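Q: make a model of this:
(one chain, ligands or ions: 1)
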Amino acid sequence: MNAPLTNVQARDVEALLHPYTPIHRLREIGPLVIERGKGVYVYDTQGKAYIEGMAGLWCTGLGYGDEELIETATEQLRTLSYSHLFGAKGMEPAIELAEKLKEIAPIPISKVFYTSSGSEANDTQVKLAWYMNNALGRPNKKKIISRQKAYHGVTIMAASLTGLPYNHMGWDLPVDRVIHTDCPHYWRFGEDGESEAEFLARIVGSLRDLIEREGPDTIAAMIAEPVMGAGGVIVPPAGYYPAIKEVLDEHDIILIDDEVINGFGRTGNWWGAQTHGMVPTTISAAKQLTSAYVPLGAVLVPEDIYQAYVDHSRQIGTFGHGFTYGGHPLGCAVGAKTIEIYQKRDIIGKVRALAPVFEKRLKAVADHPLVGEVRYSGLVGGVELVADKKTKRSFDAKKGVGPGLVRFAEGHGAILRAIGDTIAFCPPMIITEAELNELFDRFEKALADTEAWVS
Ligand code: PLP
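A: Next up is the predicted model:
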């Protein structure tokens with residue numbers, strides 16, 4: 001029996017359409033209304049503390065209430081609360097952040113284009129790939145390859161790139177021009193008796209077949225997130241990115257690197273691409289770009305691709321793309337300060353130092369009867385729950401085992417996220433070893449509750 005809704009919960013249910021929520025059961029579930037946050041903790045309206053084990057939505061890398069970021073934001077609002085980059089206007093915060101991004105980028109970058117979100121960044125990537133191929137006189141080279149289980153956002157094109165059924169079913173998606181190839185998840189999709197190396201060779205071969213079947217002259221780009229986050233924290237086999245890059249290069253297909261979750265230290269390097277051997281052509285960033293203090297996304301492009309846009313501008317008279325809030329001075333000032341903090345507080349060093357503890361605590365539950373696989377890279381990880389450990393059979397989705405565990409975890413004061421029956425972990429990168437251990441202690445209690453519930 002669920003507790004009756006508090007006043008604020010009842011107001012929430014009456015007023016809000018909640019994203020990614022079983023809204024048919026919202027009243028029964030009862031929304032968890034968060035009031036404030038400090039460090040790695042958030043507090044609900046009853047004053048109960050939770051360790052934010054998901055850094056919000058994989059984004060609050062510096063945790064909550066960082067005074068330096070608050071001061072930067074306040075000062076920027078006092079100095080210039082809004083300006084934009086349309087019509088050849090400029091502003092210092094946008095320039096400063098772009099310079100910093102160019103400095104830390106994993107490949108030579110010429111220009112930075114700002115958006116307000118990760119979805120807009122990926123949408124922009126597709127438009128830019130089309131625009132580039134029109135400029136290069138290749139009007140048929142327009143399809144985009146993505147992967148099953150990928151997550152790239154929810155605008156019409158980003159949701160099309162996303163490879164999850166609930167983003168397509170009932171939404172009339174994906175749109176034409178988007179095709180999906182294999183998810184690089186050996187444990188789940190490797191065939192009986194197939195080694196990881198054989199699995200890798202098979203999915204790379206399948207990518208090659210797809211390109212040949214569709215026609216290389218019709219394919220502009222492939223998009224990939226180094227570690228797939230919202231698809232279930234999927235870490236590809238070693239050698240995956242160099243192998244697919246070779247196939248893409250053969251057919252003059254660019255590789256768009258979605259660093260929206262992976263970027264800014266999450267995997268123990270500035271970029272997931274560096275941790276996982278990917279050499280991209282262009283990059284999308286958001287989330288930890290501002291540690292989510294302010295919405296901001298960015299697209300990073302190299303010089304040769306930028307020159308194709310310049311050629312088009314020469315013909316058409318302008319570069320016809322841009323968002324009202326793309327390059328908002330508040331977001332850019334906070335973004336520049338966030339990168340400065342990552343550098344001066346050595347956040348990447350902290351992620352590397354804590355990663356073995358994170359790995360140890362994840363591996364400690366690998367033998368649990370409900371756990372099929374644990375996966376991790378740096379400070380992002382996942383625990384996939386299964387009904388049958390031997391056969392890897394999943395629970396009936398309707399039973400909601402993953403969401404059930406998350407609810408138990410909330411009861412114990414830990415916020416986690418269920419992606420189906422994979423429990424995702426992505427704590428703020430400032431978490432201490434003691435806090436990280438506390439998070440896992442609370443998760444283990446929730447796992448025990450779940451075992452009692454399902455058995
Ligand atoms: N790309 C990846 C890898 C993401 O995880 C997300 C969001 O979770 C997005 C893109 C979309 O970003 P946004 O929700 O800011 O539109």
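Q: max-length helix in the protein?
A: helix 433-454 (DSSP state H).
Q: from the contact counts, what lies against it?
A: Where contact means 3 or more CB pairs under 8 Å, 6 or more residues apart in numbering; DSSP states H and E, helix 433-454 is packed against strand 49-52, helix 347-363, helix 401-411, strand 414-415, strand 422-425. Quick note: C-beta positions are derived from backbone N, CA and C, even for glycine.
Q: angle of it against helix 401-411?
A: 130 degrees (axes from the mean of the first three to the mean of the last three CA atoms, to 10 degrees).
Q: buried ones in helix 433-454?
A: 435-436, 438-440, 442-447, 449-450 (16 or more other CB atoms under 10 Å).
Q: to residue 178, which of the helices and strands packed on helix 433-454 lies closest?
A: Between residue 178 and the helices and strands packed on helix 433-454, the shortest gap by CB to CB is with strand 422-425, which sits at 24.0 Å.
Q: can you tell me what sits against stretch 352-365?
A: With contacts defined as CB atoms under 8 Å, 6 or more residues apart in numbering, stretch 352-365 is touched by 268, 371, 374-376, 378-379, 381, 383, 425, 431, 433, 436-437, 440, 443-444, 447.
Q: now do the contacts for the closest residue to the ligand within the stretch 351-455 of the chain.
A: At 10.1 Å from the ligand, residue 426 is the closest residue in the stretch 351-455 of the chain, using CB to the nearest ligand atom. Residue 426 makes contact with 53-55, 58, 229, 261, 266, 379-381, 417, according to CB under 8 Å, 6+ apart.
Q: circling back: rebuild the buried residues of helix 433-454 as a markdown table, extending it with pLDDT and distance to residue 281.
A: Formatted as a markdown table, the buried residues of helix 433-454 follow (pLDDT from 0 to 100; distance: CB to CB, whole Å):
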| residue | pLDDT | distance to residue 281 |
| --- | --- | --- |
| 435 | 98 | 38 |
| 436 | 98 | 35 |
| 438 | 98 | 42 |
| 439 | 98 | 37 |
| 440 | 98 | 38 |
| 442 | 98 | 42 |
| 443 | 98 | 38 |
| 444 | 98 | 42 |
| 445 | 98 | 45 |
| 446 | 98 | 42 |
| 447 | 98 | 41 |
| 449 | 98 | 46 |
| 450 | 98 | 43 |
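Q: of those, which pair is most distant in space?
A: The most distant members of those, if one measures by CB to CB, are 435 and 450, lying 22.6 Å apart.
Q: neighbours of the residue nearest to residue 311 when sequence neighbours are not counted, how many?
A: Nearest non-adjacent residue to residue 311, counting by CB to CB, 6 or more residues apart in numbering: residue 135, 5.1 Å away. Other residues near residue 135 number 19, with proximity taken as other CB atoms under 10 Å.
Q: cool, the one 3 residues further on as well?
A: For residue 138, the neighbour count with other CB under 10 Å is 15.
Q: how about the buried residues of helix 433-454 in JSON lines, adding distance to the ligand?
A: Below are the buried residues of helix 433-454 laid out as JSON lines (distance: CB to the nearest ligand atom, whole Å):
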{"residue": "435", "distance to the ligand": "23"}
{"residue": "436", "distance to the ligand": "22"}
{"residue": "438", "distance to the ligand": "26"}
{"residue": "439", "distance to the ligand": "21"}
{"residue": "440", "distance to the ligand": "23"}
{"residue": "442", "distance to the ligand": "24"}
{"residue": "443", "distance to the ligand": "21"}
{"residue": "444", "distance to the ligand": "26"}
{"residue": "445", "distance to the ligand": "27"}
{"residue": "446", "distance to the ligand": "23"}
{"residue": "447", "distance to the ligand": "25"}
{"residue": "449", "distance to the ligand": "28"}
{"residue": "450", "distance to the ligand": "25"}
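Q: would you mind listing what in this protein touches the ligand?
A: Within reach of the ligand by CB under 6 Å from any ligand atom, the chain has these residues: 57, 117-119, 122, 151-153, 225, 229-230, 258, 260-261, 286.
Q: swap the cut-off to 5 Å and go again
A: Counting by CB under 5 Å from any ligand atom, the positions of the chain adjacent to the ligand are 117-119, 151-153, 225, 229-230, 258, 260-261, 286.
Q: got a list of what residue 410 touches?
A: Residue 410 touches 32, 50, counting by CB under 8 Å, 6+ apart.
Q: can you name the residue of the stretch 51-200 of the chain nearest to the ligand?
A: Residue of the stretch 51-200 of the chain nearest the ligand, by CB to the nearest ligand atom: residue 118 (2.4 Å).
Q: ok, that residue - contacts?
A: Contact partners of residue 118, counting by CB under 8 Å, 6+ apart, are 152-153, 158, 258, 260, 284, 286-287, 297.
Q: tell me which entries of these lie within helices.
A: Counting by DSSP H, the contacts of residue 118 place residue 158 in helices.
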